[in-house]
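K.L.:
how would this look folded up:
(one chain, ligands or ions: 2)
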Amino acid sequence: MSTTWHVLGAGSLGTLWAARLARAGLPVRLVLRNEERLQAYRAVGGLTLVEQGQAQCYPVPGETAHSPEPIKRLLLACKAYDAVAAVSSVAHRLSADSELILLQNGLGSQDAVAQCAPLARCISASSTEGAFRDGDWRVVFAGHGFTWLGDPAHPVAPFWLDDLAIAGIPHEWSADILTRLWRKLALNCAINPLTVLHHCNNGGLQAHRCEVATLCAELTDLLERCGQPSAAEDLQPEVERVIQATAVNYSSMYQDVSHRRRTEISYLLGHACKAARRHELAVPHLEQVRQRLIAHLENLGLPSD
Ligand code: NAD
Ligand code: KPL
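P.N.:
Ligands and ions are numbered 1, 2, ... in the order given. You can find the predicted model right below:
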């Protein structure tokens, strides 16, 4: 009998993973926030995944964090700022042979989660897949991509990667997951805040090349100082390539702000600036962009942490 995948966070990525695992016949259970959400979910009867315009409902069983069964494999699919509270809510169900797969973008939440679940194995993930919610319990698979998974503490790949292959989730085990997370963080720091501040899509940053280049130079120094030289390599040309390749898209931070959702600023630019302070590295432009972004969010009445 396969180990059950408990998916905590029935949002965009959580639904995308849960639906594909369930479709492959693997045991999946959704962990919902409270009894009220569980009743609402049960009334609908399942998660709907929309792919190429086709909607399909998957009746994945739901439960709350208070359910008594132990959790062996937990896919943590909430935002970075919710990760610690979400894991704490199921901490009593975890043990030394539990494994946590952390889908959060940015850096900082992974270490915080590991501290509040010290016995469990924590596997970090970095994903370029894209999905968004177009209703309660309903998610649109918007962009095919890839997910890298890795465990900085133990390089050995877990056997359950086979489940991902069976479920058609494109993935690879990465011996240098931290490098991947830092590289993605740097890309997000060079692009996302500026799209919010200049109120433009990614392509709009082609009119702000100097500003992007200045941030890339500081991010390159920072990555090197943090012991991540591979993540620093050719950062600026890659940022320019991403801007060009995704010119018509709006960055995830832009979309969060335009939908009046809390951003993950503390786990992106906030984490970068904090690391720079720890290494006594001056990053005046990154710090200035962070301050401008905080002021912008406060002006809009959105959380700035
Ligand atoms: P989301 O907001 O769509 O979903 C998060 C879900 O977690 C929400 O349904 C929320 O209610 C739930 N949640 C939060 N705390 C909870 C708790 N304590 N108990 C139960 N449920 C709880 O977020 P998302 O877009 O799926 O993003 C998740 C992470 O993946 C983020 O860090 C994001 O940056 C990253 N990511 C997202 C995408 C994407 O396309 N959506 C792509 C790459 C990376
Ligand atoms: O990942 C992104 C995002 O919008 O979050 C890209 C497209 C790389 C822009 O930073």
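K.L.:
Just confirm yes or no for stretch 180-191 near ligand 2.
P.N.:
Yes: interface with ligand 2: stretch 180-191 contributes 187-188, 191 (CB under 6 Å from any ligand atom). C-beta: built from backbone N, CA, C; applies to glycine.
K.L.:
Just put those residues in JSON lines and tack on neighbour count.
P.N.:
Listed next are the residues of stretch 180-191 next to ligand 2 as JSON lines, based on neighbours: other CB atoms under 10 Å:
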{"residue": "Leu187", "neighbour count": "21"}
{"residue": "Asn188", "neighbour count": "21"}
{"residue": "Ile191", "neighbour count": "22"}
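K.L.:
what's the longest helix anywhere in the chain packed up against?
P.N.:
For the chain, the longest helix by residue count, based on DSSP state H, is helix 177-197. Counting contacts by 3 or more CB pairs under 8 Å, 6 or more residues apart in numbering; DSSP states H and E, helix 177-197 is packed against strand 121-127, strand 147-150, helix 209-225, helix 229-232, helix 235-245, helix 252-258, helix 269-278, helix 284-299.
K.L.:
In contact with the closest residue to ligand 1 within the stretch 151-300 of the chain, which residues are there?
P.N.:
In the stretch 151-300 of the chain, no residue comes nearer to ligand 1 than Glu264, which is 5.6 Å away by CB to the nearest ligand atom. Contacts for Glu264 (CB atoms under 8 Å, 6 or more residues apart in numbering) come out as 79-81, 104-106, 253, 256.
K.L.:
which one of the residues you listed has the most neighbours?
P.N.:
Gln104 (27 neighbours; other CB atoms under 10 Å).
K.L.:
what's the closest non-adjacent residue to it?
P.N.:
Spatially, and ignoring its direct neighbours in sequence, Gln104 is nearest to Ala80 (4.2 Å; CB to CB, 6 or more residues apart in numbering).
K.L.:
hmm, back to that, JSON lines for the helices and strands packed on helix 177-197, including mean pLDDT and distance to ligand 2?
P.N.:
JSON lines is the format used below for the helices and strands packed on helix 177-197 (pLDDT from 0 to 100; distance: least, CB to the nearest ligand atom, whole Å):
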{"stretch": "strand 121-127", "mean pLDDT": "98", "distance to ligand 2": "10"}
{"stretch": "strand 147-150", "mean pLDDT": "98", "distance to ligand 2": "13"}
{"stretch": "helix 209-225", "mean pLDDT": "98", "distance to ligand 2": "11"}
{"stretch": "helix 229-232", "mean pLDDT": "98", "distance to ligand 2": "14"}
{"stretch": "helix 235-245", "mean pLDDT": "98", "distance to ligand 2": "5"}
{"stretch": "helix 252-258", "mean pLDDT": "98", "distance to ligand 2": "3"}
{"stretch": "helix 269-278", "mean pLDDT": "98", "distance to ligand 2": "12"}
{"stretch": "helix 284-299", "mean pLDDT": "98", "distance to ligand 2": "14"}
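K.L.:
if we can go back for a sec, on the pLDDT front, check the residue of the stretch 151-300 of the chain closest to ligand 1 for me.
P.N.:
On pLDDT, Glu264 comes in at 98.
K.L.:
Against ligand 2, how distant is it?
P.N.:
Separation of Glu264 from ligand 2 (CB to the nearest ligand atom, to the nearest Å) stands at 9 Å.
K.L.:
cool, and Ala85?
P.N.:
23 Å.
K.L.:
Pretty sure that residue sits in a helix.
P.N.:
Yes: assessed by DSSP: H, G, I helix; E, B strand; the rest coil, Ala85 belongs to a helix.
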